[in-house]
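J.: I'll drop the sequence and a predicted model, then ask my questions.
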Amino acid sequence: MAEITELRTAHDGWCKLFVATVRTADGASFTREIEDHGEAVAVLPYDTERRTALLVRQLRAPALHAAGVMQVLEAPAGLADHGSVEDSVRAEAQEELGLTLREVEFIGTAWTMPGISTERMHLYLAAIREDDRTGAGGGLGSENESIEIVEMPLADLAALAAAGEIVDMKTFALVMALQLRRPALFR
């Protein structure tokens, strides 16, 4: 059985970075870095009458650094730090989209980057109506968020996914889940 024999904190800020010494069942040892910032949530709100989805476009420093990508189109997401996971989903939708979610549909929980991060993302879909837009959205100024709200026809969103142009994994997974669960919305 493998075990972590030592865990050293290398950084403690918005996220923590640990250096772990791992011993495998055969006695070999190696080190690995572990990024830890807690559980996360993501939601894809979609309007069944208008056949649209609400997404966000925002600056992501890692994407800018790694690929020169200025902004990423994605499903609203954030840390699960507003009480329960469902409370966090609702809070993120309100903060980023100005959207009050009536009901949310749980899709699953997945490791986002199990080779480096402890983050598990709780994925949700949410059917909405036009009158669920109750606030301005745009993110929190205190978090340096400058979020652009994007309303997109579901057919266009599916076409982007099929063409490999949805570059955010959680958004891709949520679009695929919506297509599997509600295929009639995409016809």
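T.: Received it, and whenever you're ready, just let me know what you need. Residues are numbered from 1 along each chain as shown.

J.: so where do the helices sit in this protein?
T.: 61-67, 85-97, 154-162, 169-181 (DSSP state H).

J.: which one of those has the most crowded surroundings?
T.: Of the helices of the chain, the one with the most neighbours on average (mean count of other CB atoms under 10 Å) is helix 85-97, at a mean of 22. (Glycine included, C-beta is placed from N, CA and C.)

J.: Counting by contacts, list what that helix packs against.
T.: Helices and strands touching helix 85-97, as assessed by 3 or more CB pairs under 8 Å, 6 or more residues apart in numbering; DSSP states H and E, comprise strand 40-47, strand 52-58, strand 77-79, strand 120-128.

J.: related to what we said a few turns ago, of all the helices of the chain, which one is nearest Glu74?
T.: Across the helices of the chain, Glu74 has its closest neighbour in helix 169-181 (4.6 Å, CB to CB).

J.: and that closest one with helix 154-162, angle?
T.: If you take axes from the mean of the first three to the mean of the last three CA atoms, to 10 degrees, helix 169-181 sits at 120 degrees to helix 154-162.

J.: Compute the distance between Val19 and Pro45, please.
T.: Applying CB to CB, to the nearest Å, the value for Val19 to Pro45 is 39 Å.

J.: for Val167, that is, sorry about that
T.: Val167 is 20 Å from Pro45, where distance means CB to CB.

J.: So for those two, which residue has more residues nearby?
T.: Set Val167 next to Pro45 and count neighbours by other CB atoms under 10 Å: Pro45 wins out with 25 against 14.

J.: who are the neighbours in contact with that one?
T.: Residues counted as contacts of Pro45 (CB atoms under 8 Å, 6 or more residues apart in numbering) are Ala53, Leu54, Pro76, Ala93, Leu97, Leu99, Leu101, Leu125, Ala126, Ala127, Ile128, Asp132.

J.: re earlier: for Arg23, which of the helices and strands packed on helix 85-97 is the nearest?
T.: Here strand 120-128 is closest among the helices and strands packed on helix 85-97 (CB to CB), at 24.3 Å.

J.: how far out from the middle of the chain is the least confident helix or strand in the chain by mean pLDDT?
T.: When the helices and strands of the chain are scored by mean pLDDT, DSSP states H and E, helix 61-67 comes last with a mean of 91. In terms of CA atoms, centre = their mean, to the nearest Å, the centre of helix 61-67 is found 17 Å from the chain centre.
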